[in-house]
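K.L.:
Got a predicted structure here, sequence first:
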Amino acid sequence: MKTARAQIVLLLGVLATGPVHAQSDGPASPVGFADYWNADLAFTYTLWDSLRDLEPAGRGGPLETDAAGFDTSLEGSVGRLGNAIVFIGFNFGMAGFNSNIFLEEDAITESNIDLIYALGTLNFRLGEPGRQYVDIDVGLGAYNAGNMYIDCIAVPECLASEVSVTRPGGYVGASWAIWRGLKLAGRIHYVDFGTISSIGPESGTLEGPMYSVQVGWEFGNWFR
């Protein structure tokens, strides 16, 4: 996992140096409010090392530290800041982290963490309309972790506990337009959920950072 995390951080660094190749050769054209807009839909792969440290109160294996998910956003331009075109918008995404299911005769133990986030975003796009670009963006808002812990000692008698925790958090990220609307992105999220009571009062704390890679498509009028 350390290797994968390092690769995501390296991706962010490579994307952040991309503006050198994305700048315009001529004078920048003026950009007004909502002159440009984009709606993104992406598939995500997320690493969350903090899940490795959680210890369920009952039986069963630890939670998996990686998960697939999706991410979507809607943004509109508000003007220029130096060489960057500035966008503001909204971002929503989710990912599901499962556990290693513990099975034995007439018994099953399972747990999961469902992560959902809804954020406001500020995006600095380096590049001119109609050309490839690099985005440097930040997000701030709410993260929700929902957990259900099920321990069936003797089926159908089961102990089930469920909790949902919402905390403020945010991310920093970078993305690159590979071809037209095809985008590759990396993000580092941070949020502190504290103790997840449904797993157990002494199970440990759940916090960031989380590292994610995204591959998706941008819909909009940038390449009109």
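P.N.:
In hand now; what should we look at? These numbers come from a predicted model, not from an experiment.
K.L.:
For residue 33, grab the count of nearby residues.
P.N.:
For residue 33, the neighbour count with other CB atoms under 10 Å is 9. Any C-beta I mention is one placed from the backbone N, CA and C, and that applies to glycine too.
K.L.:
repeat for residue 128
P.N.:
Applying other CB under 10 Å, I find that residue 128 has 19 neighbouring residues.
K.L.:
in a strand, that's where it is, yeah?
P.N.:
No - counting by DSSP: H, G, I helix; E, B strand; the rest coil, residue 128 falls outside a strand, being coil.
K.L.:
That one is in contact with residue 36, isn't it?
P.N.:
No - at 10.9 Å, residue 128 and residue 36 do not qualify as touching, with contact defined as CB atoms under 8 Å.
K.L.:
and after the host helix or strand of residue 171, which helix or strand comes next?
P.N.:
If you go by DSSP states H and E, residue 171 is part of strand 157-179. Using DSSP H and E, the helix or strand that follows strand 157-179 in sequence is strand 182-195.
K.L.:
Need the three-state assignment for residue 70.
P.N.:
Applying three-state DSSP: residue 70 is strand.
K.L.:
Identify the residue nearest residue 191 in space, chain neighbours excluded?
P.N.:
Spatially, and ignoring its direct neighbours in sequence, residue 191 is nearest to residue 169 (2.9 Å; CB to CB, 6 or more residues apart in numbering).
K.L.:
Show me what counts as buried in the host helix or strand of residue 217.
P.N.:
If you go by DSSP H and E, residue 217 is part of strand 210-220. By neighbour count with 16 or more other CB atoms under 10 Å, strand 210-220 contains the buried residues 210, 211, 212, 213, 214, 216, 218, 220.
K.L.:
Roughly how far does the second one sit from residue 130?
P.N.:
In this case it means residue 211. 32 Å (CB to CB, to the nearest Å).
K.L.:
now the strands for this protein?
P.N.:
37-47, 66-81, 84-98, 102-104, 107-126, 134-154, 157-179, 182-195, 205-207, 210-220 (DSSP state E).
K.L.:
Send over the longest one as PDB, restricted to the C-alpha atoms.
P.N.:
Put plainly, it is strand 157-179. Presented in PDB, the C-alpha positions along strand 157-179 are these (Å, rounded to 0.1, in the frame of the first residue of the first chain):
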ATOM      1  CA  GLU A 157     -29.400 -14.700  16.000                       C
ATOM      2  CA  CYS A 158     -27.300 -11.700  15.000                       C
ATOM      3  CA  LEU A 159     -25.800  -8.700  16.600                       C
ATOM      4  CA  ALA A 160     -26.100  -5.700  14.300                       C
ATOM      5  CA  SER A 161     -24.900  -2.200  14.900                       C
ATOM      6  CA  GLU A 162     -25.100   0.700  12.500                       C
ATOM      7  CA  VAL A 163     -23.800   4.300  12.800                       C
ATOM      8  CA  SER A 164     -23.400   7.300  10.500                       C
ATOM      9  CA  VAL A 165     -20.800  10.000  11.300                       C
ATOM     10  CA  THR A 166     -20.500  13.400   9.400                       C
ATOM     11  CA  ARG A 167     -17.400  15.600   9.800                       C
ATOM     12  CA  PRO A 168     -15.900  18.600   7.900                       C
ATOM     13  CA  GLY A 169     -13.000  17.900   5.600                       C
ATOM     14  CA  GLY A 170     -11.400  18.700   2.400                       C
ATOM     15  CA  TYR A 171      -8.900  17.800  -0.400                       C
ATOM     16  CA  VAL A 172      -6.200  19.100  -2.600                       C
ATOM     17  CA  GLY A 173      -5.800  17.700  -6.100                       C
ATOM     18  CA  ALA A 174      -4.600  18.100  -9.700                       C
ATOM     19  CA  SER A 175      -5.900  16.800 -13.000                       C
ATOM     20  CA  TRP A 176      -4.800  16.700 -16.600                       C
ATOM     21  CA  ALA A 177      -6.800  16.600 -19.800                       C
ATOM     22  CA  ILE A 178      -5.200  13.700 -21.600                       C
ATOM     23  CA  TRP A 179      -7.300  14.000 -24.800                       C
END
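K.L.:
Much appreciated, bye for now.
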